[in-house]
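Participant: Pasted the sequence and its predicted model underneath.
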Amino acid sequence: MTKTAFGLSIASIAWLAMSCGQHHENKPAAATKTVVTDSGRTIQLPPDSLTLHFFKTEEAVQSDLNAELMAPAHVAATVVRSSGNAAQNVVLFDNPDLTASYTEMLQHIINIREKGNIIRQKKAIAAQKQIELARFKDLAEHGAGTGKDVSDAKTDLISAETESAIAETDLANEKTSIIEHESKLKLAGFDPQALVSAKADKIWVICEMPENQITKVKEGSGCTLQFNSYPGETFNGTIENVGEVVDNITRMVKLRITISDIQHKLRAGMYATVKFGVSEGNTLSVPRSAVVTVQGKNYVFVKKDDRTFLRREILSGAQVNDRMVVLSGIQPGEQVVTDGSMQLKGLSFGY
């Protein structure tokens, strides 16, 4: 029995040794580490599926991009018919200062017309006095008149010319005064002459847009508006004017939009949201999530092969919805990392 037990012990040890050796031979090789080279521009990941599946990519595409810009707005003025003067409609502003400026501008326009008529009358009188002076001179030269007649005619002419000059000065003062009120209206986004000749039921909506977006909208193009007072209704408008002044503080530009409100739903002071459909043209773009920024520069990570990613600095353009326009740095068809770009950023830049 002792020999039998000893034999079993030797067999057991041999079996264990063979088992351990076999287990050691089947153990997979340890995964290699992530390798970062070329000052962080090249990143090679270990060949384990868990890590590689974490990074998702999407193709950089060249296509037509259309964006929808939105801007807050308000009804700045409405035009209604006048009950006392059929020739001049009434403009109702949401700003009392603009109402005052507009009213004074109208009064100056009336004064300018009156001064113009007075000047024409004064000039006609002066021309008549010039004729009379010439006649009295002719009579005096032929002995049919006196020097007093000529002197009186000269005095009358000087008086008429003086009155004409005074009327012209008054007209110039009126034209100078009207400039102040026209400037206030223009700064608020209005065309003074359009206000004077506006037809009833016309609505002016003013909105503001950042100066870096202003080139994307054009005068005469359409837009849609949704008012807080009518949440389920859409109104069509036309961009009548793009402002010529950029606000020094907000860096915004005023846009004037017109709406025909024949149903009389809108009132001065109502708030709205304006939507502009704009085209960015045929451009190369990537998802916004693919772009990372370091010290003011933009980068993307391009997938070279299953394990290798390359860092590329790009010159980016505008963001259109969820895509970023790329002006240079990558080519159409290249695969850029969208999920995991922040992790690659940390590996590439060392943080």
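Facilitator: Right, received. Where do you want to start? A quick note: this is a predicted structure, and the numbers were derived from the prediction, not measured.
Participant: Now do the end-to-end distance for stretch 89-99.
Facilitator: 14 Å (Cα to Cα, to the nearest Å).
Participant: Could you do stretch 47-61 as well?
Facilitator: End-to-end distance for stretch 47-61: 28 Å, by Cα to Cα.
Participant: any idea how far that stretch is from the chain center?
Facilitator: Stretch 47-61 sits 38 Å away from the centroid of its parent chain (Cα atoms, centre = their mean, to the nearest Å).
Participant: now stretch 115-129
Facilitator: 51 Å.
Participant: Contacts for that stretch, please.
Facilitator: Contacts of stretch 115-129 with the rest of the structure, by Cβ atoms under 8 Å, 6 or more residues apart in numbering, involve 153, 156-157, 159-161, 163-164, 167-168, 170-171, 174. From N, CA and C alone the C-beta is placed, and that goes for glycine too.
Participant: Would you mark the buried spots in that stretch?
Facilitator: Residues Lys115, Ile118, Ile119, Lys122, Lys123, Ile125, Ala126, Lys129 are the ones in stretch 115-129 that count as buried (16 or more other Cβ atoms under 10 Å).
Participant: And the third one, how close does it get to Ile125?
Facilitator: The reference is to Ile119. Ile119 is 11 Å from Ile125, where distance means Cβ to Cβ, to the nearest Å.
Participant: so what pLDDT did the closest residue to Ala290 other than its chain neighbours get?
Facilitator: Nearest non-adjacent residue to Ala290, counting by Cβ to Cβ, 6 or more residues apart in numbering: Val336, 4.4 Å away. The score at Val336 is 96. That number is its pLDDT.
Participant: Tell me the helix or strand right after the helix or strand harbouring Val336.
Facilitator: Here Val336, judged by DSSP states H and E, is contained in strand 335-339. Heading C-terminal from strand 335-339, the first helix or strand you meet, by DSSP H and E, is helix 341-349.
Participant: hang on, the earlier thing: just the buried residues of the contacts of stretch 115-129.
Facilitator: Buried, going by 16+ other Cβ under 10 Å: Ala153, Asp156, Leu157, Ala160, Glu161, Glu163, Ser164, Ala167, Glu168, Asp170, Leu171, Glu174, out of the contacts of stretch 115-129.
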